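Participant: predicted model and sequence follow; I will ask about them next.
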Protein chains: 2
Amino acid sequence: MPPTPQPGELDVAHLTSVLEEFTRMFIRLPAVQRLSFTTLSVLHTLARQGPKRLTELAASEQVTQSAITQMVAKLERDGLVERRPDPSDRRAVLVDVTAAGAAIVHGRRADRRAHLAELTGELTPAERATIAAALPALARMSEVNRRLAGEPDAPDRRR
Amino acid sequence: MPPTPQPGELDVAHLTSVLEEFTRMFIRLPAVQRLSFTTLSVLHTLARQGPKRLTELAASEQVTQSAITQMVAKLERDGLVERRPDPSDRRAVLVDVTAAGAAIVHGRRADRRAHLAELTGELTPAERATIAAALPALARMSEVNRRLAGEPDAPDRRR
DNA sequence: GCAACTTAATTAAGATCCTTATATACTTCT
DNA sequence: AGAAGTATATAAGGATCTTAATTAAGTTGC
């Protein structure tokens, strides 16, 4: 039984519910390209975190290594990622997005930004200010999450 | 080129980036059951919004009606949803979650809530207060989103 | 230095999930 | 009533994922 929050305290259950809705909103938008959900997620991960090994990608996307191998082969054929040998370990392969792959990620983000701008446009200036005030704390939360998940600290290497 | 926000104004690009990270966080957690991503999403939609027709589900999940028919057949075999004829239209079928299906959705939400509680636990009380203050505005945003998407207004019929 | 073990990626075969195309039953319109 | 439209189901094929087995490179222990 989750504790009932005190007035003025943060209601985590409500926060969960609201963030779930944003999750659905963000997942629905991507029906852009002829790319599967996992494929888009891989491009996104690479654009955010830079080159990765296949095993790292498999872990972060929660699919098998075999699936990543096949997916990366297809993405390479499509010119969206490139593979190069890892100089520190000749068994390994480093995968990175190409300019074309990054363009897809940026386009998707622009769509999401435009959609959120439309939504925030319906708010009052005071409501927007409360979100602006909460943004650093929300960013800190995902920073903590990355640390707990053992992910690299660079949230956004682009630009 | 997105406008550079004034100090004190809401930085929509930053909000987008932070919400994208929460999206990834929420999607990663679900590796719980032997259920596909779309299947979990259907259960979630039904638990939130109540019984729906197959065509409505197809639209909201952005897959073909054929895919929904097949998926619901499987979910029914597994005892996670039930189908009944729509009294107002004998062509149509209404699908709803069973208690077992709802239990899966609630379990996933509990996992997310616990994870968020862990993250907010690392914040200062002042940081948590800024998020609590922003929560009504964030909820309003997803309410506006539902309106724009033509979805029913009941965000949460459970409990 | 080399055998045994571990790790990284690939390949092959099969299962699952999703698509297009078509069929069937019911509803609505005229 | 008949024509057109709507809701679901079925069939066949394609894309994507899984497990299992293979190759190659790195690591460990003697």
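Facilitator: Structure's in. What do you need? On a predicted model such as this, the values are computed, not experimentally measured, just so you know. Numbers count the residues shown, from 1 in each chain, chains lettered A, B, ... in the order given.
Participant: what residues does chain A have near DNA strand D?
Facilitator: Contact residues (CB under 7 Å from any atom of the strand) of chain A with DNA strand D: A:35-39, A:63-64, A:66-67, A:70-71, A:74, A:89-91. C-beta here means a position set from N, CA and C on the backbone, and glycine is covered the same way.
Participant: so which of the residues you listed would count as near chain B as well?
Facilitator: With CB under 8 Å from any CB of the partner chain as the criterion, those include A:Phe37 near chain B.
Participant: and the furthest pair within the residues of chain A next to DNA strand D?
Facilitator: Greatest spatial distance in the residues of chain A next to DNA strand D: A:Phe37 and A:Arg90, 32.6 Å, computed using CB to CB.
Participant: more neighbours, these two?
Facilitator: The neighbour comparison of A:Phe37 against A:Arg90 (other CB atoms under 10 Å in any protein chain shown) goes to A:Phe37, with 14 against 8.
Participant: so that one touches B:Phe37, yeah?
Facilitator: Yes. Contact criterion CB atoms under 8 Å: A:Phe37 and B:Phe37 qualify, at 6.6 Å.
Participant: returning to what we had before: would you show me how to pick out the buried ones of the residues of chain A next to DNA strand D in PyMOL?
Facilitator: With 16 or more other CB atoms under 10 Å in any protein chain shown as the criterion, this PyMOL line picks the buried residues out of those:
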select buried, chain A and resi 35+38+39+63+71
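Participant: please, where are all the strands along chain A?
Facilitator: For chain A, applying DSSP state E gives strands covering A:52-53, A:81-85, A:93-97.
Participant: same list (those) but as JSON lines, adding mean pLDDT and mean neighbour count.
Facilitator: Below are the strands of chain A laid out as JSON lines (pLDDT from 0 to 100; neighbours: other CB atoms under 10 Å in any protein chain shown):
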{"stretch": "strand A:52-53", "mean pLDDT": "96", "mean neighbour count": "18"}
{"stretch": "strand A:81-85", "mean pLDDT": "96", "mean neighbour count": "15"}
{"stretch": "strand A:93-97", "mean pLDDT": "97", "mean neighbour count": "19"}
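Participant: and the residues of chain A next to DNA strand D, which is closest to chain B?
Facilitator: Among these, A:Phe37 lies closest to chain B (CB to the nearest CB), at 6.6 Å.
Participant: how much space between that closest one and A:Thr64?
Facilitator: Between A:Phe37 and A:Thr64 the distance is 16 Å, computed by CB to CB, to the nearest Å.
Participant: cool, and A:Thr120?
Facilitator: 40 Å.
Participant: helices - which of the residues of chain A next to DNA strand D land there?
Facilitator: Among the residues of chain A next to DNA strand D, the residues falling in helices (DSSP state H) are A:37-39, A:66-67, A:70-71, A:74.
Participant: A:Leu135: neighbour count?
Facilitator: Number of residues near A:Leu135 (other CB under 10 Å) recorded here: 18.
Participant: just to check, it is in contact with B:Thr16?
Facilitator: No. With contact defined as CB under 8 Å, A:Leu135 does not count as touching B:Thr16 (10.9 Å).
Participant: contacting residues for A:Leu135?
Facilitator: Going by CB atoms under 8 Å, 6 or more residues apart in numbering or on different chains, A:Leu135 touches B:10-11, B:14-15, B:18.
Participant: again, 10 Å this time
Facilitator: Applying CB atoms under 10 Å, 6 or more residues apart in numbering or on different chains, we find A:Leu135 in contact with B:10-11, B:14-15, B:17-18, B:130-131, B:134.
Participant: pull the most distant pair out of these.
Facilitator: B:Ser17 and B:Thr130 (17.8 Å).
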